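> please work out how this folds:
(2 chains)
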Amino acid sequence: AQTVTQSQPEMSVQEAETVTLSCTYDTSENNYYLFWYKQPPSRQMILVIRQEAYKQQNATENRFSVNFQKAAKSFSLKISDSQLGDTAMYFCAFMKSGTYKYIFGTGTRLKVLA
Amino acid sequence: NAGVMQNPRHLVRRRGQEARLRCSPMKGHSHVYWYRQLPEEGLKFMVYLQKENIIDESGMPKERFSAEFPKEGPSILRIQQVVRGDSAAYFCASSPDAGDEQFFGPGTRLTVL
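Below is the predicted model of the structure:
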């Protein structure tokens, strides 16, 4: 069975600084997707970034980028130029290709400080 | 183009009552998924439905919980005889096809007194 581990329950970062959130996963599958979701206080789940396992190039979306290390089963999220609006819970998630079930980690609560 | 709609956003029930949670998928989406988020945890898959069919209910408790997605109208997650442990946020997601990106609704926060 697949598992997703987020070892940092809480983190904080100064506004405009860079922060990296960690995620590791365990799977025997070769084809899968990895995701980072943001959950602000409104509780809405917002997709931040998505990575296909077969792609070696790390995904990037504006200030958000990932460091995907397939052999190490690591998928960290880097937020550059942090903004107050980035304050939220961040969830790492795994989905096996051809399926529909997300496997979520327990989340990292990020606080951006003014 | 409205996103996934869930109502109510907040629901309070006393132990033993029934809770009905509704989800209207995005336009053009015929696949609906329900997830539960317990306090301080990630979302956990409960059930996957297509119109009039339950495809996978492996994550749903065998008793008291049921889900449907009728031909017309929203998907309903029904919890009978609620207990305090049912207190959680329940999220619905939809996709145009199985395996496509899922779009989440805002969730329903259920509190059982």
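> report the central residue of chain B.
Residue closest to the average C-alpha location in chain B (C-alpha atoms, centre = their mean): B:Trp34, at 3.9 Å.
> what average pLDDT does the host helix or strand of that one get?
If you go by DSSP states H and E, B:Trp34 is part of strand B:31-37. Computed over strand B:31-37, the mean pLDDT rounds to 96.
> circling back: the residue nearest to the centre of chain B touches B:Ala89, doesn't it?
No - taking C-beta atoms under 8 Å as the definition, B:Trp34 is not a contact partner of B:Ala89, at 11.3 Å. (Glycine included, C-beta is placed from N, CA and C.)
> buried stuff in stretch B:98-108?
Within stretch B:98-108, the residues that count as buried by 16 or more other C-beta atoms under 10 Å in any protein chain shown are B:102-108.
> what sits up against that stretch?
Contact partners of stretch B:98-108, identified using C-beta atoms under 8 Å, 6 or more residues apart in numbering or on different chains, comprise A:42-45, A:47, A:50, A:97-100, A:102, B:3-11, B:21, B:23, B:26, B:29, B:31, B:33, B:37, B:48, B:55, B:89-95.
> which of these are buried, as a ChimeraX select command?
Here is the ChimeraX selection string for the buried members of the contacts of stretch B:98-108, based on 16+ other C-beta under 10 Å:
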select /A:43,44,45,50,100,102 /B:4,6,11,21,23,26,29,31,33,37,48,89,90,91,92,93,94,95
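> so of the contacts of stretch B:98-108, which ones are in strands?
Within those, residues falling in strands by DSSP state E are A:47, A:50, B:5-7, B:10-11, B:21, B:23, B:31, B:33, B:37, B:48, B:55, B:89-95.
> phi first, then psi, for the nearest residue to B:Gln17 once chain neighbours are set aside.
Among residues not flanking B:Gln17 along the chain, B:Val82 sits closest, at 5.8 Å (C-beta to C-beta, 6 or more residues apart in numbering or on different chains). With angles defined as degrees, to the nearest 10, B:Val82 sits at phi -60, psi 150.
> so who does B:Val82 touch?
Per C-beta under 8 Å, 6+ apart, neighbours of B:Val82: B:13-19, B:64, B:110, B:112.
> returning to that earlier point: so which of the buried residues of stretch B:98-108 sit within helices?
Among the buried residues of stretch B:98-108, none falls in helices (DSSP state H).
> out of the residues you listed, which one sits closest to chain A?
Closest to chain A out of those is B:Phe104 (3.8 Å), distances taken as C-beta to the nearest C-beta.
> contacts for stretch A:33-49, please.
A:21, A:23, A:25, A:50-53, A:59-61, A:64-66, A:68, A:75, A:77, A:85-95, A:97, A:102, A:104, A:107, B:43, B:89, B:91, B:93, B:101, B:104, B:106-107, B:109.
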